[in-house]
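Asks: this one's structure only:
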């Protein structure tokens, strides 16, 4: 599992120009099962994505497809995360991650 931080960078002013593509990238990631959830970071810093599966290299390739990343609207930080405990609603993620 991965936590991806997408932090606004030098081209933040161009975000509106790439927003539709960024939203499609997120939507496709959810639909394909790569992303579990996404949202904004506080204080207008950017966003975060909870993702699963694959190698770090594969996740980096997927993140590099984000129009925000390509246009340097955000910089991406990918952190590998291995959940070991979870609320009842998220127990299936523990089982799924252990099986991968």
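Replies: Structure's in. What do you need? These figures come from a predicted structure and were not determined experimentally. Numbers count the residues shown, from 1 in each chain.
Asks: helices of the protein, residue ranges please.
Replies: 15-32, 56-64, 67-70, 91-99 (DSSP state H).
Asks: would TSV of those helices with distance to residue 49, mean pLDDT and mean neighbour count be doable?
Replies: Any C-beta I mention is one placed from the backbone N, CA and C, and that applies to glycine too. Formatted as TSV, the helices of the chain follow (distance: least, Cβ to Cβ, whole Å; pLDDT from 0 to 100; neighbours: other Cβ atoms under 10 Å):
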stretch	distance to residue 49	mean pLDDT	mean neighbour count
helix 15-32	7	97	14
helix 56-64	8	97	15
helix 67-70	11	98	20
helix 91-99	15	65	12
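Asks: between those, which one is nearest to residue 1?
Replies: Minimum separation from residue 1 across the helices of the chain (Cβ to Cβ) falls at helix 91-99, 5.6 Å.
Asks: re earlier: relative to residue 80, which of the helices of the chain is closest?
Replies: Closest among the helices of the chain, using Cβ to Cβ: helix 56-64, at 6.2 Å.
Asks: skipping adjacent residues, who's closest to residue 66 in space?
Replies: Distances taken as Cβ to Cβ, 6 or more residues apart in numbering put residue 25 closest to residue 66, at 4.9 Å, once the chain neighbours are dropped.
Asks: what's the spacing between that neighbour and residue 69?
Replies: Computed as Cβ to Cβ, to the nearest Å, the residue 25 to residue 69 distance reads 9 Å.
Asks: repeat that for residue 29.
Replies: To residue 69, residue 29 is 13 Å away according to Cβ to Cβ.
Asks: and the most centrally placed residue in the chain, how far from residue 34?
Replies: Centroid-nearest residue in the chain, with Cα atoms, centre = their mean: residue 49, separated by 3.0 Å. Look at residue 49 and residue 34: by Cβ to Cβ, they are 9 Å apart.
Asks: tell me the buried residues in stretch 39-58?
Replies: Across stretch 39-58, burial judged by 16 or more other Cβ atoms under 10 Å covers 46, 47, 48, 49, 50, 51, 52, 53.
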